[in-house]
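Trainee: Next one to model:
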Amino acid sequence: MSFSCIPNAAARKMIENSEVTIVDIRDPSSFAAGHVPGALSINNTNVAEFITHADFEKPLLVFCYHGHSSQGAADYFGSQGFSEVYSVDGGFEEWRTNYPDQVR
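Mentor: A predicted model of the protein is given here:
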C-alpha cells in the first residue's frame, strides 16, 4: 500500500504543524459549497496538471466525502511518486462536523 489512513484529528494536527498539500476529490460543486481551508479541488480533468506541478516531498492529504473514495485516490497518488500520502478517514463530512470553524 502506497498510502496510510489517518483520522481527521491527525490530519488537522498535520495541517497546523507542517507544510502539507491538501486535495479534495469531491465534485466541484460540493467543493465550492465547503472545503478544508487551503484544499485544492482535484478531479479527472485537472489531476495531470496537478501532478506536473506538485511538490512530491510534501505530505499529501486526500479528502473525499466520507473517507472511502480517497483511499483509491491516495493509492494512485502514491503510485505517481508522492513520498507521503494519507487518506483522511471520515472525509470532509467528519471534518465539517468536528471543525465547523475550519470550513471555507
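
Trainee: what separates Phe31 from Phe56, distance-wise?
Mentor: Using C-beta to C-beta, to the nearest Å, Phe31 is found at 23 Å from Phe56. (C-beta placed from N, C-alpha, C; glycine too.)

Trainee: quick one: secondary structure of the most centrally placed residue in the chain?
Mentor: Nearest to the mean C-alpha position of the chain, by C-alpha atoms, centre = their mean, lies Val62 at 2.1 Å. Of the three states, Val62 takes strand according to DSSP: H, G, I helix; E, B strand; the rest coil.

Trainee: doesn't Asp75 make contact with it?
Mentor: No - taking contacts as C-beta atoms under 8 Å, Val62 lies outside contact range of Asp75: 9.5 Å.

Trainee: Between the two, which contacts overlap?
Mentor: 3, 85 (C-beta atoms under 8 Å, 6 or more residues apart in numbering).

Trainee: Quote the end-to-end distance of stretch 27-47.
Mentor: End-to-end span of stretch 27-47 (C-alpha to C-alpha, to the nearest Å): 13 Å.
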